[in-house]
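Undergrad: For reference, the sequence and a predicted model appear below.
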Protein chains: 6
Amino acid sequence: MVKIGIIKMGNLGMSQVITLIQDEMAAREGITVRVFGTGAKMGLAEALDTENFKQWQADFVIIISPNATAPGPTAVLEAWKNVPCIVISDGPKKKEARDALEQQGFGYIILPVDPLIGAKREFLDPVEMVVFNADVMKVLSICGVVRLLQEELDKITEQLGFQKSGKKLELPHIFAKPEKCIQHAGFSNPYAKAKALAALHIVEKVAQVNYPVCFTLKNLDQICLTAAAGHEIMGAAANLATQAREIEKSNDTVFRQSHAKNGILLTKTKLYEKPK
Amino acid sequence: MVKIGIIKMGNLGMSQVITLIQDEMAAREGITVRVFGTGAKMGLAEALDTENFKQWQADFVIIISPNATAPGPTAVLEAWKNVPCIVISDGPKKKEARDALEQQGFGYIILPVDPLIGAKREFLDPVEMVVFNADVMKVLSICGVVRLLQEELDKITEQLGFQKSGKKLELPHIFAKPEKCIQHAGFSNPYAKAKALAALHIVEKVAQVNYPVCFTLKNLDQICLTAAAGHEIMGAAANLATQAREIEKSNDTVFRQSHAKNGILLTKTKLYEKPK
Amino acid sequence: MVKIGIIKMGNLGMSQVITLIQDEMAAREGITVRVFGTGAKMGLAEALDTENFKQWQADFVIIISPNATAPGPTAVLEAWKNVPCIVISDGPKKKEARDALEQQGFGYIILPVDPLIGAKREFLDPVEMVVFNADVMKVLSICGVVRLLQEELDKITEQLGFQKSGKKLELPHIFAKPEKCIQHAGFSNPYAKAKALAALHIVEKVAQVNYPVCFTLKNLDQICLTAAAGHEIMGAAANLATQAREIEKSNDTVFRQSHAKNGILLTKTKLYEKPK
Amino acid sequence: MVKIGIIKMGNLGMSQVITLIQDEMAAREGITVRVFGTGAKMGLAEALDTENFKQWQADFVIIISPNATAPGPTAVLEAWKNVPCIVISDGPKKKEARDALEQQGFGYIILPVDPLIGAKREFLDPVEMVVFNADVMKVLSICGVVRLLQEELDKITEQLGFQKSGKKLELPHIFAKPEKCIQHAGFSNPYAKAKALAALHIVEKVAQVNYPVCFTLKNLDQICLTAAAGHEIMGAAANLATQAREIEKSNDTVFRQSHAKNGILLTKTKLYEKPK
Amino acid sequence: MVKIGIIKMGNLGMSQVITLIQDEMAAREGITVRVFGTGAKMGLAEALDTENFKQWQADFVIIISPNATAPGPTAVLEAWKNVPCIVISDGPKKKEARDALEQQGFGYIILPVDPLIGAKREFLDPVEMVVFNADVMKVLSICGVVRLLQEELDKITEQLGFQKSGKKLELPHIFAKPEKCIQHAGFSNPYAKAKALAALHIVEKVAQVNYPVCFTLKNLDQICLTAAAGHEIMGAAANLATQAREIEKSNDTVFRQSHAKNGILLTKTKLYEKPK
Amino acid sequence: MVKIGIIKMGNLGMSQVITLIQDEMAAREGITVRVFGTGAKMGLAEALDTENFKQWQADFVIIISPNATAPGPTAVLEAWKNVPCIVISDGPKKKEARDALEQQGFGYIILPVDPLIGAKREFLDPVEMVVFNADVMKVLSICGVVRLLQEELDKITEQLGFQKSGKKLELPHIFAKPEKCIQHAGFSNPYAKAKALAALHIVEKVAQVNYPVCFTLKNLDQICLTAAAGHEIMGAAANLATQAREIEKSNDTVFRQSHAKNGILLTKTKLYEKPK
């Protein structure tokens, strides 16, 4: 039984489903998942509290939060550095910072395609927040990010399954740019793939537009207009992603990769095909 | 400081964001949130493990899972019955079962509009699962469910904030049918409201179609076709919800209700309006 | 020459085209069709008047109306019980009532997928009525219901053609649930089929939502909002049906089944194919 | 009680609903409707058979068929010239022919916007036929044609209601070009009106494209391609009409005009308004 | 080096890109293009000025303007009749007028599918003008008109490349009706082709609707409503064209025909195919 | 009479219509426009040839080409530096380079929102080129760029009209980022404005994605996939722009600004309003 611990601080689009993607049917044997989360906040108090989760003695730990180099996440990493950990975050975007993570022994999957929300009270309320996250999840799922994570996490789980003790765990070190993500999306039709790749590129723009909303704009109208534009960009990306999947449906070529009871990945492409 | 504990077992559409909707900006003072989750599984082993979360001494606890009367969730409720708890689930749909929850002292918000997924390995993989959940989140957010929860949870938090000890906490007992949810959606245009209400009704159909997928169908083709139909129904509901919100945008009447720093709900309707 | 009589009382979506589907080109030899209709009303006076239509001495009679067990239709059935008849209606939905029809010698095709309209003066005018019926016709045609009827009626016609006198006419007894209808739709692409099946399921919801509009709601706002929602659900179903057909077009796999001059069914699938 | 007789030969888009538009609720007092139809065919045998319908002694008769100057309809007109009649058809398009109808004492509403279908066995089957008619009905209803007919027929009914005997019945003589129809559509938003007017103009093109399909093209590929193009044009018109209505919904300005019990036209514009 | 001169007076949809379609990559060797234009105006003064362009001594000249028989274009033709010229215009639509052009030695490609804009100051401003032209370009490109021109112009260029002096240049004489244009569009899927053909037919309607806007209507409301309808029709055509191309993308059958460095036309159909 | 010369080298989206936007009705008095173009190419030979255009003695000259600092355009600027010129281009994006233009006496409007096309023979053919440019024109027109240019060019024309000789012409120096462009778009509805602003931001991404297509990628599949993605991004931007305009239509608030005969800008907002 592989014990997978997940620490969630704050929220990424990917945070919504990270706890589920290794066991989408709730029927996988051989793994147990426990999650400790701190809600929307990701400060030092929250970081400290993660210590309690150590008692569960996870075999490896997924730490997911925005901005892995902010003080809170940094404190968490410091606290957990002796446990095999993989960091999932939207940054750091600089290679040196990622290399530093690796040198400290962390695995990481950095997702520049998981975009910053337009987080200003003048615009964002819980409803808008969920609408935005739904669009993000459409892109992350259809365009290969969910599958990239699924595969990388399954690789770790598999290593642990075979060799609980023994040689060192190999952890991924991935900066998941659009070109990387799209390779995992499993498209058959090249225009569907192009639309999905376009969606990923557009998502990178979301963060650029929302950054001043969150950090520099002061004028009410500008904040609201720019945040609304940022979220419209996100919606346009989700639409492209949806179109891409509709094309695959129209060709009966939706690639699916589900977990067998024993955790092995089964694949199928035609709807009426048996996964194997 | 109100301490809000959240226990997540298995997954509802609403599970994705329940941890965020009281603090969408991660800037609210006076509350602390901690989450304990068991991933996709919701068996007895998972239920037992929730005991460890008691050490945090939450002021009140949200227990969210599918099917609140399944053995796992029932065991959790048994374990937590001495703590003020609110149960969020897609069932029980029978009034007697809900009354029993109330008599045991639990608050509840039962969401027949949070639909069962087509959970068969022959169809569902992590990507399809996230695509489905994204559609669900669109409906739940736009059509009033997120706001209903936000308001009810804030009411509890407010009571705790004022009267940490003292008179008994009033907990909600709500069976959130479409007609109930739509009242919280804040639509100005009646056709937008009708579209959103339509989306909620359609979502109820999703569960009806997916039920045999999960529990009775045996034939591969039937499973795949029916599950695909169930997910198409969900997509149609999400489209209607999106249309509804687009109408409100076109009239500049998107109702927004965000939390001030002190947790008070601020409202605004025009995009350039200051929330107050 | 087979003489086909059609009695129309009130209106179903299917009523619009029942007179045409055995002779869509107006070029079929060997059949003659005459129709007697009573407009929107379906009371006892209208039922009595159908007697006059007996003079034409049809070989078999199609009786189409909503709610075949309402007083008017019941009176018609009583009047026509000595003529080979097939009843087409949206009910009875209870098996016993359908069995009773069969025992009286009637054939029937009951269509739970032909939905109740939101018939309240506060909402419905002739324009809205036609808009709704257009959506219904999209679903009925694309999702297999029209073809089911075409085939069943042709079977009766064929029997009459060969054996005007002689052994007893075999009449169909069909409760046309979504799963039954979709088998007749002739889809090649399984996702198109899933969308069409989804449309049929959604249509069943239309009737559920419109029922209180017609019979129980009293409040003006509730009537209008609910009826509008019912019609939006219908529109969503029509959209899904249309998408399904568009997929088949995109694959050049639209199945077509037209009548040759002599009434034989010709089929084709590719657009440039000759029907045979 | 005004007795309204309707004779249907062959099929126009408008034929589908002509029997319903004066009594959309099936609740109007003071009128009785009876229909005699001949199915898809409109030959001389069918024309002769309409004589039997005289026994019902309608106060006025609506004769609806394609091409009112074809032999069948001409024979019907000849047979019924002593009864107050109004002819509804897609032609004659020449003024002299319409004047001749008027001189014979017939009222008429000629609808060049009710388009010819692509009636070739190589393309048209019952399903395609219904799909096309559904699109036609969308345009006819939303763009003012249904309401034009409703109003003109109600005017005749009203005259008969007041003065069963007495001065001569005034019958309409209308060539319903797009510009005429759109005046009855009741749009508030001028761009919605422009879209609806555009739809009507496009529909005129449908007939032009389908004409060679029905009458001159011989080559299989050309027939199929051209008919498919004709039906795509129809679909584009229906889309525009639908967009037009969606705009009115988004402004809560859908004009509705329903019949009171006594047949008076009630109007309303806002969804929650009481009709009056 | 073939010297291609282009004279542009006024504006057609095709004017926007005529200078580019023989050298879309700006990398073709063996041709030089120079353009002389007179902006929006096409009067006699403008016509006279084209004389200056003679000094460049083009090997052949493309004269593009609306209405080739208006005084301005006529004067240009008169001035250039001794140079090999091809006229591209939306008219003359009468065969005699086109024959006259041919007898004067001109080649021509007349495009009834390049529609008249709704040119009234009450409606048209630069923004609306560009929006309309963008829609026109969608139809012209996707539905075969651009490729028809590309091929015909390349034929002339090729003749000049081989035989600068010598036997007489063969110039095209084409009246590019929808049926002609669509042959050049290169569709694989017949429904995509039907949609594109539908778009071309609809475009012909645009000119019919916009004609009274430009030349006969006097009433402000009528001008604005009719022009808006004309432009909506154009938009509907562009949508159909776009749908047609999306179908080809969904089948990975987008036909492409680019110029090699030496001007030879390379073709490919699958996205990842090498053009050859 | 102000003489406006336009030199076009190569192609921007804006090149398509620059000759028309000061005289969209071809009815403006007081200006004459002549255009000299070099087709798709923009090399030194083409630059030299522009000298001939000097004979026309324009009062001011618009030089439009991609990449104003490439050798060809630079040579043109050198040749024309003694004439009042305004440069319209998609670059230079660096401020120093723009300042250098200003110091040389040139006006400029640099449009980072006029995106680089995916110019590789493996992907781009004349049809794809026009499809892309149509999308670009949708964004440029709806999102304020066309109007920005219209207004700036009219300002120059106006100065020349009043003071042909005399004080120095004031030329614009504008780097037209999305935030600048959107101010000229004239939106009433803030969400429409946000969608249009989103479109402009997305367009900036197009250039980023297409840059490696044009200049660095070598692998056939990568070129085709990336170019296709770049063009899909462009299409998504055009869709957002179109949605934005549809919202304004739905509110009857489309701002229009047309030229009176004398060149004055008339404005109107409601469709039936008289421009003034």
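TA: Nice, thanks for sending it over.
Undergrad: Where does pLDDT dip in chain A?
TA: A:163-167 (pLDDT under 70).
Undergrad: could you pull out the helices for it?
TA: For chain A, the helices defined by DSSP state H occupy A:44-49, A:71-80, A:95-103, A:126-142, A:145-162, A:178-182, A:190-215, A:220-250.
Undergrad: what about the fourth one, near chain F?
TA: No. Helix A:126-142 stays out of contact with chain F when judged by CB under 8 Å from any CB of the partner chain, the minimum separation being 12.2 Å. Where C-beta positions appear, they are placed from N, C-alpha and C, glycine not excepted.
Undergrad: Just the buried residues of that helix, please?
TA: Residues of helix A:126-142 classed as buried: A:126-142 (neighbour count, 16 or more other CB atoms under 10 Å in any protein chain shown).
Undergrad: helices or strands next to it in the packing?
TA: helix A:190-215, helix A:220-250, helix B:126-142, helix B:145-162, strand B:256-259 (3 or more CB pairs under 8 Å, 6 or more residues apart in numbering or on different chains; DSSP states H and E).
Undergrad: the inter-axis angle of it versus helix A:145-162?
TA: Orientation check (axes from the mean of the first three to the mean of the last three CA atoms, to 10 degrees): helix A:126-142 against helix A:145-162 gives 70 degrees.
Undergrad: Now for A:E204: which residues touch it?
TA: By CB atoms under 8 Å, 6 or more residues apart in numbering or on different chains, the contact set of A:E204 is A:112-113, A:115, A:178, F:205.
Undergrad: Point out the most buried one among the helices of chain A.
TA: Greatest average neighbour count among the helices of chain A goes to helix A:126-142 (a mean of 28), per mean count of other CB atoms under 10 Å in any protein chain shown.
Undergrad: what is the orientation angle of it with helix B:220-250?
TA: Using the same axes, to 10 degrees, helix A:126-142 lies at 140 degrees relative to helix B:220-250.
Undergrad: So what's the gap between helix A:126-142 and the chain middle?
TA: From the chain centre to the centre of helix A:126-142 is a distance of 12 Å (CA atoms, centre = their mean, to the nearest Å).
Undergrad: what's the answer for stretch A:259-276, then?
TA: Distance, centroid of stretch A:259-276 to centroid of chain: 23 Å (CA atoms, centre = their mean).
Undergrad: can you tell me if it touches chain C.
TA: Yes. Residues of stretch A:259-276 contacting chain C under CB under 8 Å from any CB: A:270-272.
Undergrad: ok, back up a step: in JSON lines, list the helices of chain A along with distance to E:L48.
TA: Shown next, in JSON lines, are the helices of chain A (distance: least, CB to CB, whole Å):
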{"stretch": "helix A:44-49", "distance to E:L48": "80"}
{"stretch": "helix A:71-80", "distance to E:L48": "74"}
{"stretch": "helix A:95-103", "distance to E:L48": "65"}
{"stretch": "helix A:126-142", "distance to E:L48": "58"}
{"stretch": "helix A:145-162", "distance to E:L48": "64"}
{"stretch": "helix A:178-182", "distance to E:L48": "55"}
{"stretch": "helix A:190-215", "distance to E:L48": "49"}
{"stretch": "helix A:220-250", "distance to E:L48": "49"}
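Undergrad: Point out the one among these that comes closest to E:E151.
TA: helix A:190-215 (24.9 Å; CB to CB).
Undergrad: okay, the angle between the closest one and helix A:220-250?
TA: Using the same axes, to 10 degrees: helix A:190-215 against helix A:220-250 is 160 degrees.
Undergrad: on that earlier part again, which of the residues of stretch A:259-276 next to chain C count as buried?
TA: The buried subset of the residues of stretch A:259-276 next to chain C (16+ other CB under 10 Å) comprises A:L271.
Undergrad: Check the stretch 1-150 of chain A for the residue nearest chain C and tell me.
TA: Evaluated by CB to the nearest CB, the stretch 1-150 of chain A has A:I142 as its residue closest to chain C, separated by 14.6 Å.
Undergrad: now swap in the stretch 101-250 of chain A and tell me
TA: A:K249 (3.9 Å).
Undergrad: By proximity to chain E, which residue of the stretch 1-150 of chain A wins?
TA: Counting by CB to the nearest CB, the stretch 1-150 of chain A gets nearest chain E through A:I142, at 15.4 Å.
Undergrad: List the contacts of the nearest residue to that residue once chain neighbours are set aside.
TA: Nearest residue to A:I142, sequence neighbours excluded (CB to CB, 6 or more residues apart in numbering or on different chains): A:A241, at 4.1 Å. Contacts of A:A241 were listed using CB under 8 Å, 6+ apart, and they are A:138-139, A:141-143, A:195-196, A:199.
Undergrad: For D:G10, see how far away the closest residue in space to A:F36 that isn't next to it in sequence is.
TA: Take A:F36 and drop its neighbours on the chain: the residue closest to it by CB to CB, 6+ apart is A:F53, 4.1 Å away. According to CB to CB, to the nearest Å, A:F53 and D:G10 sit 77 Å apart.
Undergrad: A:A58: what's it in contact with?
TA: By CB under 8 Å, 6+ apart, the neighbours of A:A58 are A:3-5, A:34, A:83.
Undergrad: Show me which of these are buried.
TA: Buried among those by 16+ other CB under 10 Å: A:4-5, A:34.
Undergrad: can you list those in a markdown table and add distance to C:L153?
TA: Below are those laid out as a markdown table (distance: CB to CB, whole Å):
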| residue | distance to C:L153 |
| --- | --- |
| A:I4 | 60 |
| A:G5 | 65 |
| A:R34 | 62 |
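Undergrad: In strands, which of the residues you listed appear?
TA: A:4-5, A:34 (DSSP state E).
Undergrad: Just give me the closest of those residues to chain F.
TA: Looking across these and measuring by CB to the nearest CB, the closest to chain F is A:I4, at 34.6 Å.
Undergrad: who does that closest one bridge with?
TA: A:V33, A:F60 (DSSP bridges).
Undergrad: how much space between it and A:V33?
TA: A:I4 is 5 Å from A:V33, by CB to CB.
Undergrad: same thing with A:G5?
TA: 8 Å.
Undergrad: Next: A:Q208.
TA: From A:Q208 to A:V33 the distance is 34 Å (CB to CB).
Undergrad: if we can go back for a sec, the residue of the stretch 1-150 of chain A closest to chain E reaches B:P126, doesn't it?
TA: No. Between A:I142 and B:P126 there is no contact under CB atoms under 8 Å: 11.7 Å.
Undergrad: At the contact with chain B, which residues of the stretch 101-250 of chain A appear?
TA: Within the stretch 101-250 of chain A, the positions adjacent to chain B are A:119-131, A:133-135, A:137-138, A:140-142, A:146-147, A:150, A:220-221, A:224-225, A:228, A:238, A:245 by CB under 8 Å from any CB.
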